[in-house]
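A.B. asks: sequence and predicted structure below; questions after.
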Amino acid sequence: MSKDLKFLVVDDFSTMRRIIKNLLHELGYRNVTEADDGTTALPMLQEGDVDFLITDWNMPGMAGLDLLKAVRSDPKLAKLPVLMLTAEAKREQIVEAAQAGVSGYVIKPFTAETLKEKLDKILGAVAK
Amino acid sequence: MANPDPVPLAARYGARIEALAAALAREDENGFFAVLDEILQSRKPALIGELRDLTCNLQVALERFRLDARLADFAEKEIPDARQRLAHVLKLTDEAAHRTLDLIERSGPPAERTTKAIQALASPWKRFRERRIELKEFHELLKRMDAFLPTARADAELIRRNLNEMLLTQAYQDLTGQIIRGVIELVHEIEAALVELARLSGGEPGTAEPAAPRSSHGEGPAVPGITQGELAAGQQDVDALLSGLGM
């Protein structure tokens, strides 16, 4: 899978965005942009050059689940890989995200290995 | 105050009032005051009861007043203060995390530089140890070693300094912990005042419906003992759940 993939990392905490960005760099992905909630992320996605979305759930403004639903209902974005990276750990929420079409779900706190494993799995599935 | 006594007034006081009037007509001072004392004596318990009720009401009113003043103080001063203190906690944790991330990001390049330099030295060094090195390469190795030693030392020192600073940055836990503890204490006081207010108002605790959480917005990290519902125990649990759903 190409390391030129463009990632969009959406989280309201700048430290978490920075941690994820650092981990992506470590994995060789250098093309990473950021947004602090769904409302700012959606127009960036609609611009059309994002290849992979990593989003938190609990954010002020537009929450991650609503962003996921907006992405899936937009014909241009419907197939975009979306990884939910969140502290929301209720089983019903995980099921809700799955039903909304999430590509992967990682709960915080997470490890670098987990992130890598999920990225590889999603990108592997996309490549098939 | 309404008199709950079902016995009519005339039956209770008629005879005494007549005796009182008779004594007055006779100008019988001793007789008059004896009957009057008797009447007053019979009223004493009722008076004391009324006085007791009055005192009790006054006490409730005073408690209420004290509580109202305390609640006003909470609303006007202490809650806004607490909000500001928590905002400061957020700022301190944010700064500490960014500072730590700065130091981590600054430690990566020197560590990487050292690793690369060691890798570059490894094979000529191996040839040297096996006495297979050519003179020209040997001189090259010496030159590289001369350059490597001070650089590696400086890089290691830089990393050690960064680690020390990361250590000091963790002091935020102490500072924010103290502030949060103060806010917990305040919340406790407010809770006590509200319970007291509910008691004075005669409200039954626990009868109101709790507000429904906004689930699409998420609820934030689970808090042990508070968060309701079935929680995933960890990433493995999440993975099992999702694979059960066919993902």
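C.D. replies: Nice, thanks for sending it over. Just so we're clear, the structure is a prediction, and the values are computed from it rather than from any experiment.
A.B. asks: which elements pack onto the strand or helix carrying B:E157?
C.D. replies: Assessed by DSSP states H and E, B:E157 sits inside helix B:135-169. Counting contacts by 3 or more Cβ pairs under 8 Å, 6 or more residues apart in numbering or on different chains; DSSP states H and E, helix B:135-169 packs against helix B:79-129. Every residue, glycine included, has its C-beta placed from N, CA and C.
A.B. asks: average model confidence for the helix it packs on?
C.D. replies: The predicted model assigns helix B:79-129 a mean pLDDT of 95.
A.B. asks: again, but for stretch A:67-80
C.D. replies: Per-residue scores along stretch A:67-80 average to 96.
A.B. asks: now swap in stretch B:6-15 and tell me
C.D. replies: Average pLDDT, stretch B:6-15: 82.
A.B. asks: the residue nearest to the spatial centre of chain B and A:L45, how far apart?
C.D. replies: Nearest to the geometric centre of chain B sits B:I184, at 2.8 Å (Cα atoms, centre = their mean). Counting by Cβ to Cβ, to the nearest Å, the separation of B:I184 from A:L45 is 41 Å.
A.B. asks: check B:R83 too.
C.D. replies: 34 Å.
A.B. asks: give me the number of residues near the closest residue to chain A within chain B?
C.D. replies: Taking Cβ to the nearest Cβ, chain A has its nearest neighbour within chain B at B:G218, 3.2 Å off. A count of nearby residues for B:G218, using other Cβ atoms under 10 Å in any protein chain shown, gives 20.
A.B. asks: excluding residues flanking it in the chain, which one is nearest it?
C.D. replies: A:N58 (3.2 Å; Cβ to Cβ, 6 or more residues apart in numbering or on different chains).
A.B. asks: tell me if I'm right that the one you found and A:A87 touch.
C.D. replies: Yes - proximity of A:N58 to A:A87 meets the contact threshold set by Cβ atoms under 8 Å, at 6.9 Å.
A.B. asks: list residues touching both of those two?
C.D. replies: B:G220 (Cβ atoms under 8 Å, 6 or more residues apart in numbering or on different chains).
A.B. asks: number of nearby residues for the closest residue to A:K108 other than its chain neighbours?
C.D. replies: Leaving aside its sequence neighbours, A:K108 sits nearest to A:A87 (Cβ to Cβ, 6+ apart; 4.5 Å). If you count neighbours by other Cβ under 10 Å, A:A87 ends up with 17.
A.B. asks: again, but for A:S73
C.D. replies: By other Cβ under 10 Å, 11 other residues sit near A:S73.
A.B. asks: list the contacts of it.
C.D. replies: Counting by Cβ under 8 Å, 6+ apart, A:S73 has no contacts.
A.B. asks: and it, how far from chain B?
C.D. replies: Using Cβ to the nearest Cβ, to the nearest Å, A:S73 is found at 14 Å from chain B.
A.B. asks: tell me which parts of chain B are close to chain A?
C.D. replies: Contact residues, chain B versus chain A (Cβ under 8 Å from any Cβ of the partner chain): B:94, B:97-98, B:101, B:104-105, B:215-222, B:227, B:229-232, B:234-235, B:238, B:241-242, B:245, B:247.
A.B. asks: narrow those to those in strands?
C.D. replies: With DSSP state E as the criterion, strands contain none of those.
A.B. asks: so how do I select the buried members of these in PyMOL?
C.D. replies: Selection of buried members from the residues of chain B next to chain A for PyMOL, criterion 16 or more other Cβ atoms under 10 Å in any protein chain shown:
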select buried, chain B and resi 97+101+217+218+219+222+231+232+235+238+241+242
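A.B. asks: next step: the residues of chain B next to chain A restricted to helices.
C.D. replies: B:D94, B:A97, B:H98, B:L101, B:I104, B:E105, B:Q235, B:V238, B:L241, B:L242 (DSSP state H).
A.B. asks: excluding covalently adjacent residues, which one is nearest to the second one?
C.D. replies: What that stands for is B:A97. Closest to B:A97 by Cβ to Cβ, 6+ apart is A:T15, at 3.9 Å.
A.B. asks: who's in contact with B:P221?
C.D. replies: Here B:P221 is in contact with A:A87, A:A89, A:K108 (Cβ under 8 Å, 6+ apart).
A.B. asks: the second one: neighbouring residues, count only.
C.D. replies: This means A:A89. So A:A89, with other Cβ under 10 Å, has 23 neighbours.
A.B. asks: now do the phi/psi pair for it.
C.D. replies: phi -120, psi 10 (degrees, to the nearest 10).
A.B. asks: residues making contact with stretch A:28-47?
C.D. replies: Contacting residues not belonging to stretch A:28-47 are listed as A:3-12, A:14, A:17, A:20-21, A:24-25, A:50, A:53, A:55, A:59-64, A:66-67, A:70-71, A:74, A:76-77, A:80 [Cβ under 8 Å, 6+ apart].
A.B. asks: next one: stretch B:133-144
C.D. replies: Against stretch B:133-144 from outside (Cβ under 8 Å, 6+ apart): B:A117, B:A120, B:L121, B:P124, B:W125, B:R127, B:F128.
A.B. asks: ChimeraX command to pick out the buried ones of those residues?
C.D. replies: Typed into ChimeraX, the line below selects the buried ones among those, using 16+ other Cβ under 10 Å:
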select /B:117,121,124
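A.B. asks: need the max-distance pair from the contacts of stretch B:133-144.
C.D. replies: B:A117 and B:R127 (17.1 Å; Cβ to Cβ).
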